[in-house]
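Student: I'll drop the sequence and a predicted model, then ask my questions.
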Amino acid sequence: MRIGVAATPDVALPTLNWLLTSSHELFCVISQPDRPAGRGKQVSPSSVSEWALGHNVRLLRPESSAELIGVIDELDVVITIGYGVILPRTVLVLPRHGFINLHFSLLPAFRGAAPVQRAIENGEVETGVSVFLLDQGMDTGPIYRKEKIVIEKEWRTQEVLSALAILGPRVIDETLNDIALGVEPVAQNGAISYAKKISKTEALIDWHLDAEIIVRKIRAFYPAPGAWTNWRGESFKINQARVADLALTSGEISSANNEIYVGCGGSRSVVLVSVVPSGKREMTAQEWYRGAKLSIGATFG
């Protein structure tokens, strides 16, 4: 098949790498225009744009979806992976078999921008990928293929996304075979849920919540925007933590047995594992605690 890929984040790279070695023709890559990124807000290409430039694949960075008309009309299919642009029907119908999307949830659960994050936050023990035919709804199109994985207990969003990205090429390959054989996608069924984008404000930790809920949020919000709390008037990120059976006042910081505890709602606390104090590098909680010179009764928040 003659294929285009519309994508922006690095989770698309395993599928792109597979396409280069497959029997299919990767005609073009479509990504968002270069945007300001990082602390310095320097204009930078997306991970997918960098990949296309490095592999000498035709790269399109349209400011408007209308720019694709007359360019992708002869393609068999376009695969979208986190492209981040809602495409109008006038564009969706251009390729022979339309657009298919690799979505990182078991649809119709967790439709939207942050499916992995919301699955972890919700306490799900499994997730997966769904490949579906794009329509004008928000992840509502009929499904070609699904594949499940188990969410390991310590996995954060970064680890789950990596596992799903690696799974992607096989499920895309099976879907392309289905399309070639004339297999029709099946309408979604089951309980519908939504996964809205996570704001920095939402990632602020409420230490009155149960320890399990807090740890799920820390796992879900890593690496971006990152779960955080207030410490001496500045932002303090927590990248990794686990639940402990130790009762402390909500937000209270304590040390015992070379572990750093923070009190939560109820009778449990969290053990801090990895943290990022404002303006500093990531470090172990023990490193931070030794340098912080905390007084008795010190608290976050």
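Tutor: Structure's in. What do you need? Residues are numbered from 1 along each chain as shown.

Student: domains of this protein?
Tutor: 2-180, 211-292 (automatic domain parsing).

Student: let's have those in TSV, adding mean pLDDT, mean neighbour count and distance to residue 203.
Tutor: All C-beta spots, glycine's among them, are computed from the backbone N, C-alpha and C. As requested, the domains of the chain are arranged in TSV below (pLDDT from 0 to 100; neighbours: other CB atoms under 10 Å; distance: least, CB to CB, whole Å):
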stretch	mean pLDDT	mean neighbour count	distance to residue 203
domain 2-180	96	18	10
domain 211-292	97	18	5
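
Student: and of those domains, who's closest to residue 193?
Tutor: With CB to CB, the closest approach to residue 193 among those belongs to domain 2-180: 5.0 Å.

Student: tell me how far that closest one lies from the chain's centre.
Tutor: Chain-centre distance of domain 2-180: 12 Å, with CA atoms, centre = their mean, to the nearest Å.

Student: what is the end-to-end distance of it?
Tutor: Its start and end residues considered, domain 2-180 measures 12 Å (CA to CA, to the nearest Å).

Student: so can I have TSV of the domains of the chain showing distance to residue 188?
Tutor: What follows is those, written out as TSV (distance: least, CB to CB, whole Å):
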stretch	distance to residue 188
domain 2-180	4
domain 211-292	24
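
Student: between these, which one is closest to residue 187.
Tutor: Nearest to residue 187, of all the domains of the chain, is domain 2-180, at 5.0 Å by CB to CB.

Student: ok, now which ones touch the nearest residue to residue 260 once chain neighbours are set aside?
Tutor: The shortest distance from residue 260 to any non-neighbouring residue, by CB to CB, 6 or more residues apart in numbering, is to residue 285 (4.1 Å). Each residue near residue 285 by CB atoms under 8 Å, 6 or more residues apart in numbering is listed here: 259, 260, 271, 272, 273, 274, 275.

Student: and the helices in the stretch 101-250 of the chain, which stretches?
Tutor: 115-121, 157-180, 211-220 (DSSP state H, counting those that start in this stretch).

Student: can you tell which of these is closest to residue 190?
Tutor: The nearest among the helices of the stretch 101-250 of the chain, by CB to CB, is helix 115-121 at 14.3 Å.

Student: you'd agree residue 8 is up against residue 48?
Tutor: Yes. With contacts counted by CB atoms under 8 Å, residue 8 reaches residue 48, the gap being 5.6 Å.

Student: now the residue nearest to residue 260: how far from residue 105?
Tutor: Using CB to CB, to the nearest Å, residue 285 is found at 32 Å from residue 105.

Student: centre of the chain to stretch 210-224, how far?
Tutor: Here the centre of stretch 210-224 is set off from its chain's centre by 14 Å, with CA atoms, centre = their mean.

Student: distance of residue 17 relative to residue 54?
Tutor: Distance, residue 17 to residue 54, by CB to CB: 11 Å.

Student: with residue 137 instead?
Tutor: Residue 137 is 34 Å from residue 54, by CB to CB.

Student: what lines up beside the helix or strand where residue 4 lies in the sheet?
Tutor: For residue 4, the enclosing helix or strand under DSSP states H and E is strand 2-7. In the sheet, strand 2-7 lines up against strand 25-30 (parallel), strand 77-81 (parallel) (DSSP bridges).

Student: who are the packing partners of the next helix or strand along the chain from that strand?
Tutor: Following strand 2-7 in sequence order, the next helix or strand is helix 13-21 (DSSP H and E). Under the contact definition 3 or more CB pairs under 8 Å, 6 or more residues apart in numbering; DSSP states H and E, helix 13-21 sits against strand 2-7, strand 25-30, helix 47-54, helix 157-180.

Student: apply 10 Å and report the result again.
Tutor: If contacts are counted by 3 or more CB pairs under 10 Å, 6 or more residues apart in numbering; DSSP states H and E, helix 13-21 sits against strand 2-7, strand 25-30, helix 47-54, strand 77-81, helix 157-180.

Student: now render the ones you listed as JSON lines, adding distance to residue 266.
Tutor: Below are the helices and strands packed on helix 13-21 laid out as JSON lines (distance: least, CB to CB, whole Å):
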{"stretch": "strand 2-7", "distance to residue 266": "42"}
{"stretch": "strand 25-30", "distance to residue 266": "49"}
{"stretch": "helix 47-54", "distance to residue 266": "41"}
{"stretch": "strand 77-81", "distance to residue 266": "40"}
{"stretch": "helix 157-180", "distance to residue 266": "25"}
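
Student: of all the ones you listed, which lies closest to residue 267?
Tutor: Short answer: helix 157-180, nearest of the helices and strands packed on helix 13-21 by CB to CB, at 28.1 Å.

Student: what packs against the closest one?
Tutor: strand 2-7, helix 13-21, strand 77-81, strand 99-103, helix 115-121, strand 126-133, strand 143-150, helix 211-220.

Student: lovely, talk soon.
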